[in-house]
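Participant: The amino acid sequence is not available; the structure is as follows:
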């Protein structure tokens, strides 16, 4: 029996498609300047400048962008390695920056960033850029003069921060819609973030930072050899983040800052550390050029601020990994601990790390990384594990695992004592981080051998409820 046909309404007519009309008018160009500036702010600065060729409407829009970033580390990457060619390119880049700030019309700057490897010969240009930024009440100022192409060679800062900029009397800040680019009427009261990398910063200049920038919340100084003594003290300091790194001659650090939350001391030779009046301090990172002295001083101290930390990163020498923390040390608020061990040779005991974990009863995550000299195993009798019961550690990450006795010793202690452990992350690596060698075809085989040994040993003892991740 034939199926019943559906009846079609004779009055039915196919709907006509909506008629689309195209208008050749440029509607975007009719938007208000503020909206166009917001759109351009989503582009890179060079892309924003290029929009000036679109039409007469766009010629001056980019001049109102409140954030200026000049990153020559990216644009000069393709430059030939020859010194002369690089120098010429840098000189052209400096001229381009000068032309931009001469044309810029925004009354205020949110961000001003310069990333360009320059020598002291460019001091006049740098001073001019800084005057320009301060005249426009800049909030975030970053000056990075490092040579990104230098990977294994020690870098040195050559160009100094102009002290006269901080000591001269500039009068009242300009209130005109277009401040002059010569730096007249500079205003330091708006600066919240200052980052200086491989810029010469003297002790006197550092004092002027603390004195002249009342709203400064984040201060980063990296790669200066002229900084010896640092004081960041004051009952009304707004400073929340202080970071000092690669300042090899730094000997004394004194901090008294009621709003400070983060303190980072990396690759510094600090001998005297004084920290007081830091009720909000919750994160500290300590690294004294790999000798572990600074970290040991902190662990040995009986200062009250240590007990309030929530995030703690420290670097110790393998020679002192059996270092016993102060019996009074109890980091009851610590949630994340990162421990890096330098110069491991395989015969050291890592039980000091286990004792440190014991001192953090509420620790939830621990990251451990061993920077050893030699990949060869040194066989010795394992020491007895540190006995304790930890009821909060859930994640343990072990980077550069090779399976040597000291590493096995630590892992067994963690598995035995951390009864609620949920996740174990292992990053197997047998190559020394201190020597760079070409990729060897046998590398993967060596790595697989480390993984196989781990599976045969530690993994076979691993409780089923623990998630194992091998990177």
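Facilitator: Right, received. Where do you want to start? Since we're looking at a predicted model, the values are computed, not measured.
Participant: what are the ranges of the strands in the stretch 301-450 of the chain?
Facilitator: 311-317, 336-344, 365-372, 395-401, 423-428 (DSSP state E, counting those that start in this stretch).
Participant: Could I get those strands in TSV, plus columns for distance to residue 195?
Facilitator: In short, each C-beta sits where N, CA and C put it, glycine included. TSV is the format used below for the strands of the stretch 301-450 of the chain (distance: least, CB to CB, whole Å):
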stretch	distance to residue 195
strand 311-317	20
strand 336-344	22
strand 365-372	25
strand 395-401	27
strand 423-428	30
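Participant: Relative to residue 297, which of these is closest?
Facilitator: Closest to residue 297 of the strands of the stretch 301-450 of the chain, according to CB to CB: strand 311-317, at 10.5 Å.
Participant: Tell me the first helix or strand C-terminal of the top helix by length along the chain.
Facilitator: Assignment by DSSP state H gives helix 83-103 as the longest helix of the chain. Of the helices and strands lying after helix 83-103 in sequence (DSSP states H and E), the nearest is strand 111-115.
Participant: other SSEs contacting the next helix or strand after that next one?
Facilitator: Scanning forward in sequence from strand 111-115 by DSSP H and E, the next helix or strand is helix 123-135. Using 3 or more CB pairs under 8 Å, 6 or more residues apart in numbering; DSSP states H and E, the elements in contact with helix 123-135 are helix 83-103, strand 111-115, strand 140-144, helix 164-167.
Participant: The helix or strand that the last one is followed by pairs with which strands, and in what direction?
Facilitator: It refers to helix 164-167. Next along the chain after helix 164-167, taking DSSP H and E as the criterion, comes strand 193-197. Using DSSP bridges, strand 193-197 pairs in its sheet with strand 140-144 (parallel), strand 218-222 (parallel).
Participant: Include mean pLDDT when you put those into JSON lines, please.
Facilitator: Listed next are those as JSON lines, based on pLDDT from 0 to 100:
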{"stretch": "strand 140-144", "mean pLDDT": "94"}
{"stretch": "strand 218-222", "mean pLDDT": "96"}
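Participant: and the closest residue to residue 201 other than its chain neighbours, what does it touch?
Facilitator: What sits nearest to residue 201 in space, not counting adjacent residues and going by CB to CB, 6 or more residues apart in numbering, is residue 224, at 4.6 Å. Applying CB atoms under 8 Å, 6 or more residues apart in numbering, we find residue 224 in contact with 157, 196, 198, 199, 200, 201, 246, 247.
Participant: Make sure I have this right: residue 224 is in a helix.
Facilitator: No. Residue 224: not assigned to a helix; according to DSSP: H, G, I helix; E, B strand; the rest coil it is coil.
Participant: What score does it have for pLDDT?
Facilitator: At residue 224, the pLDDT value in this model is 90.
Participant: just for the stretch 151-300 of the chain, where's the confidence low?
Facilitator: Within the stretch 151-300 of the chain, the segments meeting pLDDT under 70 span 151-157, 169-185, 288-292, 300.
Participant: what ranges do the strands span in it?
Facilitator: Using DSSP E, counting those that start in this stretch, strands in the stretch 151-300 of the chain cover 193-197, 218-222, 229-233, 241-245, 252-256, 262-266, 272-276, 283-287.
Participant: Can you tell me what sits against the second one?
Facilitator: So the one you mean is strand 218-222. The contact list for strand 218-222, computed with CB under 8 Å, 6+ apart, reads 192-198, 201, 206, 209, 227, 232, 239-247.
Participant: Next: the fourth one.
Facilitator: The contact list for strand 241-245 (CB under 8 Å, 6+ apart) reads 217-223, 227, 230, 232, 250, 253, 255, 257, 260-268.
Participant: Given that strand, what are its sheet partners and their directions?
Facilitator: Using DSSP bridges, the strands paired with strand 241-245 are strand 218-222 (parallel), strand 262-266 (parallel).
Participant: Reformat those as TSV; add distance to residue 135.
Facilitator: Shown next, in TSV, are those (distance: least, CB to CB, whole Å):
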stretch	distance to residue 135
strand 218-222	21
strand 262-266	30
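Participant: any chance of these in CSV, plus distance to residue 123 and mean neighbour count?
Facilitator: What follows is the strands paired with strand 241-245, written out as CSV (distance: least, CB to CB, whole Å; neighbours: other CB atoms under 10 Å):
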stretch, distance to residue 123, mean neighbour count
strand 218-222, 18, 20
strand 262-266, 27, 20
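Participant: Nearest to residue 401, out of those?
Facilitator: Ranking these by proximity to residue 401 (CB to CB) places strand 262-266 first, at 23.9 Å.
Participant: tell me the angle the closest one makes with strand 283-287.
Facilitator: For strand 262-266 against strand 283-287, the angle by axes from the mean of the first three to the mean of the last three CA atoms, to 10 degrees is 10 degrees.
Participant: any idea how far residue 159 is from the closest residue to residue 145 other than its chain neighbours?
Facilitator: Closest residue in space to residue 145, ignoring its immediate chain neighbours: residue 198 at 4.6 Å, by CB to CB, 6+ apart. As judged by CB to CB, to the nearest Å, residue 198 and residue 159 stand 8 Å apart.
Participant: Was I right to think residue 336 contacts residue 362?
Facilitator: No. Using CB atoms under 8 Å, residue 336 makes no contact with residue 362, being 10.7 Å away.
Participant: who touches residue 407 in this structure?
Facilitator: 350, 370, 398, 401.
Participant: for those residues, which one is nearest residue 72?
Facilitator: residue 370 (36.9 Å).
Participant: need the contact list for residue 365.
Facilitator: Contacts of residue 365 (CB under 8 Å, 6+ apart): 335, 336, 337, 393, 394, 395, 396, 397.
Participant: Am I right that residue 463 sits in a strand?
Facilitator: No. Secondary structure of residue 463 (three-state DSSP): coil, not part of a strand.
Participant: Let me see the contact set for it.
Facilitator: residue 415.
Participant: quick one on the thing from earlier: and the longest helix of the chain, what does it pack onto?
Facilitator: Partner elements for helix 83-103 (3+ CB pairs under 8 Å, 6+ apart): strand 67-71, helix 72-75, helix 123-135.
Participant: okay, now residue 119: neighbour count?
Facilitator: 11 (other CB atoms under 10 Å).
Participant: So for it, what's the nearest residue that isn't a sequence neighbour?
Facilitator: residue 158 (4.8 Å).
Participant: Could you pull up the residues touching that neighbour?
Facilitator: 118, 119, 120, 145, 198, 200.
Participant: Could you dump the strands of the stretch 301-450 of the chain into CSV and include mean pLDDT and distance to residue 287?
Facilitator: What follows is the strands of the stretch 301-450 of the chain, written out as CSV (pLDDT from 0 to 100; distance: least, CB to CB, whole Å):
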stretch, mean pLDDT, distance to residue 287
strand 311-317, 86, 4
strand 336-344, 81, 8
strand 365-372, 86, 11
strand 395-401, 89, 16
strand 423-428, 88, 20
